[in-house]
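[1] next come a sequence and a model predicted from it.
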Amino acid sequence: QLSKRLEIVGAQVPAGSRLADIGSDHAYLPIALMLAGKISHAIAGEVVQGPFQSAQNQVAKNNLSEKIEVRLADGLEAITLADEIDAITIAGMGGSLIRDILENGRQKGRLSGKEYLILQPNIGERNVREWLADHSYQIDFETVLAEKGKIYEVIAAEKSDMPVTYTEEELMFGPLLVQNPTSVFQQKWQRELHQREQVWTQLQTAKTPPSEKLTQIRREIEKIREVLQ
Ligand code: SAM
């Protein structure tokens with residue numbers, strides 16, 4: 001039984017895909033998708049020995065060793081173009097780590113541009129959106145969900161022939177999320193607002209308040225207030 005978060009990530013994987021799940025941990029996602037007949041082949045990448053072994057054990061336990069390859073590798077080094085991957089999932093990590101994995105993979109020639117990217121940053125989603133726009137990936141699905149008191153975002157994107165640009169507001173809140181703000185979206189940004197207001201108050205009481213930081217936080221607070229109107 002997948003978590004709601006991984007269900008939503010999995011639902012974005014196109015049917016029949018050859019999937020690479022990077023940072024797969026127990027390989028729950030590729031196993032569930034394979035058992036559901038949704039994907040044709042999968043590679044589960046893990047950089048840490050413990051999770052790598054746990055992924056191997058789970059795959060073997062489900063008799064899927066022929067269909068899911070578990071590889072010990074850093075990020076997209078788990079795949080090559082010869083794997084003909086058409087969907088990549090990277091879930092349950094910070095946005096800056098997801099960005100670094102994509103960028104290292106791009107620099108090392110591991111991306112053909114045909115892969116559908118399904119990314120689930122726990123925090124720092126802006127880093128992900130910036131990387132996507134910088135490399136002409138168009139965001140065509142975004143959602144925000146709450147599970148066990150935590151709030152997660154899922155972003156899916158495909159490479160476009162045209163340049164992709166997002167405004168400051170779209171990078172911060174999500175180009176699709178901001179157009180159709182749900183109650184979870186409001187909840188997320190209420191939290192974010194509250195955090196920033198606390199930081200703002202703390203910084204104000206410092207002996208020498210850092211003016212640049214204060215200006216930045218002020219600007220973010222104003223943006224969030226506008227969006228929450
Ligand atoms: N993707 C699963 C999920 O969403 O439930 C597991 C998330 S788990 C919190 C993050 C996993 O990413 C860990 O198992 C960690 O070892 C792995 N990881 C972190 N950096 C990685 C990298 N550069 N390459 C591959 N795996 C990585």
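    Good, I have the coordinates.
[2] am I right that Asn180 is in a helix?
    No - Asn180 sits outside any helix when classified using DSSP: H, G, I helix; E, B strand; the rest coil, being coil.
[3] how many neighbours does it have?
    Using other Cβ atoms under 10 Å, Asn180 is surrounded by 10 other residues. C-beta: built from backbone N, CA, C; applies to glycine.
[4] and the residue of the chain positioned farthest from its centre, which helix or strand is it part of?
    In the chain, Lys207 marks the outermost C-alpha relative to the chain mean, sitting 38.6 Å out by Cα atoms, centre = their mean. Counting by DSSP states H and E, no helix or strand carries Lys207.
[5] so what does Arg18 have for phi and psi?
    Backbone dihedrals for Arg18, given as degrees, to the nearest 10, come out at phi -100, psi 110.
[6] so which bits of this structure are right by the ligand?
    Residues of the chain found near the ligand (Cβ under 6 Å from any ligand atom) are 6, 22-25, 45-48, 51, 74-75, 91-93, 97, 101.
[7] can you select the buried ones from those residues in PyMOL?
    Buried residues within these, by 16 or more other Cβ atoms under 10 Å, are selected in PyMOL with:
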select buried, resi 6+22+23+24+25+45+46+47+51+75+91+92+93+97+101
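[8] show me where this protein has helices.
    Using DSSP state H, the helices of the chain run over residues 4-11, 28-35, 49-61, 95-107, 125-134, 168-173, 183-204, 211-228.
[9] need these in CSV (columns: mean pLDDT).
    Shown next, in CSV, are these (pLDDT from 0 to 100):
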stretch, mean pLDDT
helix 4-11, 98
helix 28-35, 98
helix 49-61, 98
helix 95-107, 98
helix 125-134, 98
helix 168-173, 97
helix 183-204, 95
helix 211-228, 94
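[10] is it true that Leu2 touches Ala32?
    Yes - here Leu2 lies in contact with Ala32, judged by Cβ atoms under 8 Å, at a distance of 5.0 Å.
[11] give me the common contacts of the two.
    Here Leu2 and Ala32 have Gly10 as joint contacts, going by Cβ atoms under 8 Å, 6 or more residues apart in numbering.
[12] who touches Asn62 in this structure?
    Asn62 touches Ile31, Met34, Leu35, counting by Cβ under 8 Å, 6+ apart.
[13] look up phi and psi at it.
    Phi and psi for Asn62, reported as degrees, to the nearest 10, are phi -90, psi 10.
[14] what pLDDT is listed against it?
    On the pLDDT scale, Asn62 is placed at 98.
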